[in-house]
Structure formats: C-alpha cells, structure tokens
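I would like to see how this sequence folds:
(one chain, ligands or ions: 1)
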Amino acid sequence: MEIVFLGTGGGRINLIKQARGTGGFRINSPFANIHVDPGPGALIHSIRNRQDPLSLDCIIVTHNHVDHVSDAMALIEGMTHYGLKKKGIVIGSRHTLMGDETADKGISDYHQKKAEIVYVPEIGEKKTFRTGHGEFVFEGIGMKHEEPSAFGFKIYIGGKVIGHISDTDYFESLGTGFAGCDLLIVNCIKPEADKYGGHLWTQEVAAVLKAAKPKTCAITHMGMKMLKLGPAKEAEKIEKESGIRTIAARDGMRLNV
Ligand SMILES: [Zn+2]
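Below you'll find the model as predicted:
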C-alpha cells in the first residue's frame, strides 16, 4: 500500500499563495484507491503525479472548507468515468453533503447522485465498504473545528490501519481515539500556538502521538510559519518529544505502508 501526497500545504495564506499544494493525499491499495480532502489543485496534482482519477473507488472530505473540498466534484466526475457511470463511494461531513444552516453544500446533489454510496460518518461507527476489488473498514472520529461536523478517521485496509487527524483543536481524548495506527497522518498547521483556534501545532501533535503510539507519523497541511521554519525540523522536534518516528510530508512524496 502506498500513500501519495498531492498537497502538503495548509492555512489561508498558503491556500492562495500555493507555496505548497492543497490537493490532499491518496491511499492506493489493491483493495481500494481513496482520495482524501481534494482541495484546490487536487485534480491537476493527481495527473502530474500519475494518479488516475478514473481508478478511484472512494473520495473522503473531512469538512466543508474550501482547502479540503474544492476539487471533490471534479474528482467525482473522474471516479464515475466522466460522470457516465454510477460508481464509487463518497464519504463527507454532514455540512459537505447535506449543507449547513444556510443549506450550503460542498458537493452538489448532482455529483452526489453520480456515486453509488454517499455516507455521512456516524462518529465511532465502523462501516465496511466493498469496492470492485476488495473492501475496507471506515471509522469516523470526531474533530473540534469551526465546521462542527468535521471528522478524522481510521481506515482498516489490507491488514493495516491508516489514521488521519484533520483540522482540529487539541482535546484530551484525541490521541487515544487514534490508537493502533500503522501510519497516522496529522494536519500540523503551525509550529506554535497563536490566537487562531481549530488547528494543531507542533507540541500538541507530540502530545497526541504519545497517546496514539502509531508506528509512523506523517505531518502535513502545513501553514506558512511552519514552512518558513522548516517542516523537517518540526518533525524532528515531534519525534524527539514523542518517541514516534515522524516524517514531514512533501508534495509528491510517496510513503509505503
Ligand atoms: Zn484546512
């Protein structure tokens, strides 16, 4: 199994400057190909990194913010073979798929109808999904973010567990919820605390890892301060503090699990 990072930038300034891409990442396994959080550039970075949207089985959108959802509809058209074939699974937060109080949705009804299965995670529920070539189990885990239906997840696939902590504030049980991961991919947006909530920073990621104890951690979704200081240095700090092998993801990086 392989993880391909199609954008490792995060935060509102990086979103517009595109110092790092914002295409999310892809999980490629013999059992399912899954694209997570296809923000701006997800389609073009998929093509440039030879990640065929036609071979997708599932698209996951952890919350209805532009840097996580903007290319989802284009990728659905890829997954469903130019929109001509009812196919694939879309997993998205309630706001992404059903709308918020203003009824705004991240993915249109038109595109949702192209997928075979559309699923809003029940936090804590483990759900099995079958693809044409295997299956995986998805477990949604609650996040604390400005978008109230935001989730993280664990995916059990081919005997491995891939975890993803999306945008969230730190909270006490965050780490234990992600116990048992072979690889934990964590959005680490900043090197230190600031006045903007809703995102983890270096020290908090280390605290999460101490409780979650994954075999490996990859940090991604990094903001401008993080990029200026050097993500590799921050990863080293996290590794030293937590004792968990930590990699700073780069655009186009492939990680074998
Ligand atoms: Zn974000």
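
Correct me if wrong: Q51 contacts V4.
Yes - counting by C-beta atoms under 8 Å, V4 is a contact partner of Q51 at 5.8 Å. Yep, even glycine has a C-beta here, placed from its N, CA and C like the rest.

Can you check which residues contact both of those two?
In terms of C-beta atoms under 8 Å, 6 or more residues apart in numbering, Q51 and V4 are both contacted by the residues 26, 28.

Closest approach to the ion from the stretch 1-150 of the chain, which residue is it?
Residue nearest to the ion within the stretch 1-150 of the chain: D67 (4.6 Å; C-beta to the ion).

Give me the most central residue, the protein.
V36 (4.4 Å; C-alpha atoms, centre = their mean).

in terms of contact, does that residue touch R26 like I think?
Yes - judged on C-beta under 8 Å, V36 makes contact with R26 at a distance of 7.2 Å.

tally of neighbours for the residue of the stretch 1-150 of the chain closest to the ion?
Using other C-beta atoms under 10 Å, D67 has 23 neighbouring residues.

do you know how far it is from L209?
Note on D67: its distance to L209, by C-beta to C-beta, to the nearest Å, is 24 Å.

Equivalent analysis for M222, please.
Applying C-beta to C-beta to M222 and L209 gives a distance of 16 Å.

The two: which has the busier surroundings?
Taking neighbours as other C-beta under 10 Å, M222 and L209 compare with M222 leading, 26 against 23.

what does the model give the more buried one for pLDDT?
What the model reports as pLDDT for M222 is 98.

Over to the one 5 residues further on?
At L227, the predicted lDDT confidence score is 97.

any idea which element it lies in?
helix 224-229 (DSSP states H and E).

go on, V137?
According to DSSP H and E, V137 maps onto strand 134-142.

Can you list the helices and strands that the helix or strand following that strand packs against?
Next along the chain after strand 134-142, taking DSSP H and E as the criterion, comes strand 151-157. When contacts are defined as 3 or more C-beta pairs under 8 Å, 6 or more residues apart in numbering; DSSP states H and E, strand 151-157 sits against strand 134-142, strand 160-165.

how about L184, what does it touch?
163-165, 178, 209, 212, 214, 216-218.

what's the nearest residue to it if we skip its chain neighbours?
P214 (3.8 Å; C-beta to C-beta, 6 or more residues apart in numbering).

Assign a three-state SS to the one you found, would you?
When classified by DSSP: H, G, I helix; E, B strand; the rest coil, P214 comes out as coil.

Quick check: C188 touching G223?
No - the criterion here is C-beta under 8 Å, and C188 misses it with G223 at 9.0 Å.

These two: which has the busier surroundings?
Set side by side, C188 and G223 show more neighbours around C188, with 31 against 25, by other C-beta under 10 Å.

The one helix or strand that one maps to vs strand 151-157, what angle?
According to DSSP H and E, C188 maps onto strand 183-190. Per axes from the mean of the first three to the mean of the last three C-alpha atoms, to 10 degrees, the angle that strand 183-190 makes with strand 151-157 is 160 degrees.

who does strand 183-190 pair up with?
Using DSSP bridges, the strands paired with strand 183-190 are strand 160-165 (parallel), strand 200-201 (parallel), strand 216-220 (parallel).

Is it possible to get JSON lines of those that adds distance to the ion and mean neighbour count?
Below are those laid out as JSON lines (distance: least, C-beta to the ion, whole Å; neighbours: other C-beta atoms under 10 Å):
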{"stretch": "strand 160-165", "distance to the ion": "12", "mean neighbour count": "23"}
{"stretch": "strand 200-201", "distance to the ion": "11", "mean neighbour count": "22"}
{"stretch": "strand 216-220", "distance to the ion": "10", "mean neighbour count": "24"}
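
Turn those strands into JSON lines, including distance to R12.
Formatted as JSON lines, the strands paired with strand 183-190 follow (distance: least, C-beta to C-beta, whole Å):
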{"stretch": "strand 160-165", "distance to R12": "19"}
{"stretch": "strand 200-201", "distance to R12": "16"}
{"stretch": "strand 216-220", "distance to R12": "16"}
